[in-house]
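what's the 3D shape of this:
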Amino acid sequence: MATGLFVAAVLTACTVQLAPNYDPSIVDGIGAASEDAEKLFASVSMGVSAATFAKREDDYNAIIGKLEALRISAESRPAASGSLFLQRHAIKGIPTLATPTPSVLAEAGKPIAMMRDSDRKRGLTPLLVEGFKNSFEISIQQALTYEKALQR
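Have a look, this model is predicted:
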């Protein structure tokens, strides 16, 4: 009986963490970048001409820069404590997963960069802005969903 309790206590202490720790600075940063992007989308939602691009160039660059900085932070986050254990021991049925946030943030920056380039060359139509906005929001929602799920 005592042996069983000892084994149960040891096994309870041995947990394998499959995801990285929650980092509120990443969630806050994603929220801030999203807010800045939404302000930009709102400012061009009725369409704009390329002649007025210079007024918005800094806004585009700031959003892209924030997203890249967040991507680097997410890539630099220490791996889950159990991932090295799982790789060494190849426990069947428990996959080691890479955190999706860095690649999702890279994807979120693409529509902003494409919108910036289009704005610079020929301006933006409302339909074009809506397409860029939808693409951006899908990525941001994915990143926030994953990151907020880490808060356990």
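
remind me which residues of this protein are low pLDDT?
1-18, 79-97 (pLDDT under 70).

Mind jotting down where the helices sit in it?
Along the chain, counting by DSSP state H, helices occupy 2-13, 24-44, 57-76, 81-89, 101-122, 126-149.

Nearest to Ala50, out of those?
helix 101-122 (5.5 Å; CB to CB). Quick note: C-beta positions are derived from backbone N, CA and C, even for glycine.

Flag every buried residue along that closest one.
Across helix 101-122, burial judged by 16 or more other CB atoms under 10 Å covers 101-109, 111-112, 115-116, 118-119.

by contact count, what packs against that helix?
helix 24-44, helix 57-76, helix 126-149 (3 or more CB pairs under 8 Å, 6 or more residues apart in numbering; DSSP states H and E).

Please convert those helices to TSV, extending it with distance to Ala51.
Conversion of those to TSV gives the following (distance: least, CB to CB, whole Å):
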stretch	distance to Ala51
helix 24-44	13
helix 57-76	13
helix 126-149	16
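
Could you dump those helices into a markdown table with mean neighbour count and distance to Ala50 added?
Shown next, in a markdown table, are the helices and strands packed on helix 101-122 (neighbours: other CB atoms under 10 Å; distance: least, CB to CB, whole Å):
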| stretch | mean neighbour count | distance to Ala50 |
| --- | --- | --- |
| helix 24-44 | 17 | 12 |
| helix 57-76 | 17 | 11 |
| helix 126-149 | 17 | 12 |
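
Now do the closest residue to Gly31 other than its chain neighbours against Thr52, distance only.
Leaving aside its chain neighbours, Gly31 sits nearest to Leu144 (7.4 Å; criterion: CB to CB, 6 or more residues apart in numbering). From Leu144 across to Thr52, the span is 31 Å (CB to CB, to the nearest Å).

Equivalent analysis for Leu70, please.
28 Å.

What separation is there between the closest residue to Leu70 other than its chain neighbours and Asp117?
Excluding its sequence neighbours, the residue lying closest to Leu70 (CB to CB, 6+ apart) is Gly29, at 4.6 Å. Here Gly29 is placed at a distance of 24 Å from Asp117 (CB to CB).

same thing with Pro102?
Using CB to CB, one gets 23 Å for the distance from Pro102 to Asp117.

Tell me the spacing between Ser118 and Lys66.
20 Å.

now do Ala37
Ala37 is 9 Å from Lys66, by CB to CB.

Could you do Thr52 as well?
23 Å.
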